[in-house]
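**Q** have a look; sequence and predicted model below, questions after that.
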Amino acid sequence: MLETTKNRYKAEGVFPSKKELREMVKQQGLYSQVAQELVDRLLDAVWRFVKLKKQGVKCGFPRFKSFDRLKSLNYPQSGFKLEAKSLKVTPFGVVKIKLHRPIEGKIKTLTLKRESSGKWFAVFVVEVKLQVQVNCGLSIGIDLGLSKLAVCSDGSIIKNPRHFKKHEEKIALLCRRLSCKKKGSKNRVKAKLKLAVAYERLGNVRSDFLHKTSHRLVHSYGLIALEKLNVKGMVEHKFGKHINDAGWGKLANMISYKAESAGCKIIFVDPKNTSKQCSKCGLIVPKTLADREHRCPLCGLVLDRDLNASVNILNRALGQRVDTLVELTQEELMLKQEAHTLQG
Ligand SMILES: [Zn+2]
């Protein structure tokens, strides 16, 4: 399909129509709806490229994917039947499966997904009735951080589990091993697979941890306040890998979708100055990333930097934003600081 699209554009300056591509994949032996969905995906990608190009964004035309990168086939309605120990799916026939848990609700769609480790998964989307629980828990503000995953306004801290590091070290080792294998060799393929398995394992332990953490949070609190963070922008601009690793975005995402059924309310607040502002009096106290403590020269509050931020986040969510948003000049600040030291 991609080949046809490329050639057609080169020769005639237009893309082939959806109908034409659908006609083309009909003979390929895939279940018809699955094939149609592949057509949609390809054309979506092509049009996304055109749109971005028009906006002046640098991007490349959709590329051919090797089998390594083939990710999923989607059955939007039919073409499959789930049994106790097997899945009957057109055109592959009966496939033995390991059913992790009984499926609740009405099955809507099936996605066959291939991980880089070579494992195949059957993912079902089901329709269930939403049961909202009553939640009279307390309110909490959460500050997501780098050194600690999260600091809560009640003083509790959520750390990244230590064993993540063990997995990361293993990945680094396997990366080094892969890099010294000859291209195209069998050993390289083996090393690549090992690395993929290690990545998968790290991904699994991380999402397991994030699932459990978010589950616990939405069931223990009635209201959770978070910063509206532009994770993507931050990853690109400043901190890079660390934020991706910490899984901020993932945690925030999990908290918000789990909250609904747990009867927990989520409020995203403006992140501006949450770490600089004093959570007691509202003064903006400039800090660098190295300042781990908040010391207010105006009211004398001394608090851990992240804890101060999480209290601010909670206050903003509750609409108790401290009104005296005073911003002092550097000079005034010095004077106040001195005065405070004298008092102390
Ligand atoms: Zn203060």
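**A** Nice, I can see it. Numbering: from 1, shown residues only.
**Q** now do the contacts for the residue nearest the centre of the chain.
**A** For the chain, residue 250 is the residue whose C-alpha lies nearest the centre (CA atoms, centre = their mean; 3.3 Å). If you count contacts by CB atoms under 8 Å, 6 or more residues apart in numbering, residue 250 has them with 207, 210. Where C-beta positions appear, they are placed from N, C-alpha and C, glycine not excepted.
**Q** and it, what element?
**A** helix 248-262 (DSSP states H and E).
**Q** ok, then the element right after that helix?
**A** Later in the chain than helix 248-262, the nearest helix or strand by DSSP H and E is strand 265-269.
**Q** could you report the neighbour count for the residue of the stretch 51-200 of the chain found nearest the ion?
**A** Closest contact between the stretch 51-200 of the chain and the ion, by CB to the ion, is at residue 153 (16.1 Å). Counted with other CB atoms under 10 Å, residues neighbouring residue 153 total 23.
**Q** per-residue pLDDT of it, please?
**A** Here the pLDDT value assigned to residue 153 is 93.
**Q** ok, it - contacts?
**A** Contact analysis of residue 153 by CB under 8 Å, 6+ apart lists 140, 141, 142, 225, 307, 310, 311, 313, 314.
**Q** can you do 7 Å?
**A** Counting by CB atoms under 7 Å, 6 or more residues apart in numbering, residue 153 touches 140, 141, 310, 311, 314.
**Q** which two of those residues have the greatest separation?
**A** Spatial extent of the contacts of residue 153 (CB to CB) is set by the pair 140 and 311 at 10.1 Å.
**Q** out of those two, which sits in the busier spot?
**A** residue 311 (26 against 22).
**Q** ok, the more buried one - contacts?
**A** By CB under 7 Å, 6+ apart, the residues touching residue 311 are 141, 153, 279.
**Q** that one belongs to a helix?
**A** Yes - secondary structure assignment places residue 311 in a helix (DSSP: H, G, I helix; E, B strand; the rest coil).
**Q** any idea how the chain splits into domains?
**A** Following automatic domain parsing, one gets these domains for the chain: 1-64, 75-129, 138-269, 272-344.
**Q** residues from the protein in reach of the ion?
**A** Counting by CB under 5 Å from the ion, the residues of the chain lying close to the ion are 278, 280, 281, 283, 296, 298, 299, 301.
**Q** now those as CSV including pLDDT, secondary structure and neighbour count?
**A** Converted to CSV, the residues of the chain next to the ion look like this (pLDDT from 0 to 100; DSSP: H, G, I helix; E, B strand; the rest coil; neighbours: other CB atoms under 10 Å):
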residue, pLDDT, secondary structure, neighbour count
278, 92, coil, 24
280, 89, coil, 17
281, 89, coil, 16
283, 89, coil, 21
296, 91, coil, 21
298, 89, coil, 20
299, 89, coil, 13
301, 91, coil, 17
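**Q** returning to that earlier point: show only the entries of the contacts of residue 311 found in strands.
**A** Using DSSP state E, the subset of the contacts of residue 311 located in strands is residue 141.
**Q** just name the closest of the contacts of residue 311 to residue 263, please.
**A** Nearest member of those to residue 263, counting by CB to CB, is residue 141, at 18.7 Å.
**Q** OK, contacts around the closest one?
**A** 153, 225, 310, 311, 313, 314, 317.
**Q** so residue 160 touches residue 149, yeah?
**A** Yes - counting by CB atoms under 7 Å, residue 160 touches residue 149, with 5.0 Å between them.
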